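>>> build the 3D model from these lines:
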Amino acid sequence: MVNGSTELVAAASALAAGFAVGLGAIGPGIGQGSAAGDALAGIARQPETEGRVRGVLLLGLAFMESLTIYGLVVALSLLFANPFLK
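Modelled structure (predicted):
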């Protein structure tokens with residue numbers, strides 16, 4: 001590759017990594033807030049179900065957080081393991 005195109009690929013990779021992390025965190029962040037709010041509302045209505053609701057909430061939050069980690073993995077791959085930057 002020509003030097004100019006290598007710099008362009010590096011810049012595009014950095015921009016794409018930023019988008020991967022940013023957009024990968026928006027959805028799970030909104031989902032986690034919504035899930036936590038609904039779980040609190042459910043517990044407030046029926047306090048006897050608190051243990052079950054909390055368990056399901058924590059499992060759901062873990063799955064949502066894994067989506068953010070996938071975005072981080074994509075971003076790190078774009079930054080450090082990019083095959084186009086040889």
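
>>> Ser34 is in contact with Leu61, correct?
No: at 11.1 Å, Leu61 and Ser34 do not qualify as touching, with contact defined as C-beta atoms under 8 Å. Heads up, the C-betas are built off the backbone N, CA and C, glycines and all.

>>> show me which of those two is the more surrounded one.
For Leu61 versus Ser34, the count of surrounding residues by other C-beta atoms under 10 Å is larger for Leu61: 16 against 11.

>>> and Asn82, which of the three is it?
Of the three states, Asn82 takes coil under DSSP: H, G, I helix; E, B strand; the rest coil.

>>> what average pLDDT does the helix ranked longest in the chain get?
Longest helix in the chain by number of residues (criterion: DSSP state H): helix 3-45. The predicted model gives helix 3-45 an average pLDDT of 90.

>>> from the chain's centroid, how far away is that helix?
Offset of helix 3-45 from its chain centre (C-alpha atoms, centre = their mean, to the nearest Å): 5 Å.

>>> could you do stretch 71-83 as well?
Counting by C-alpha atoms, centre = their mean, stretch 71-83 comes out at 14 Å from the chain centroid.

>>> name the helices or strands packed onto the longest helix of the chain?
Applying 3 or more C-beta pairs under 8 Å, 6 or more residues apart in numbering; DSSP states H and E, one finds that helix 3-45 makes contact with helix 50-80.

>>> tilt between the helix it packs on and helix 3-45?
For helix 50-80 against helix 3-45, the angle by axes from the mean of the first three to the mean of the last three C-alpha atoms, to 10 degrees is 180 degrees.
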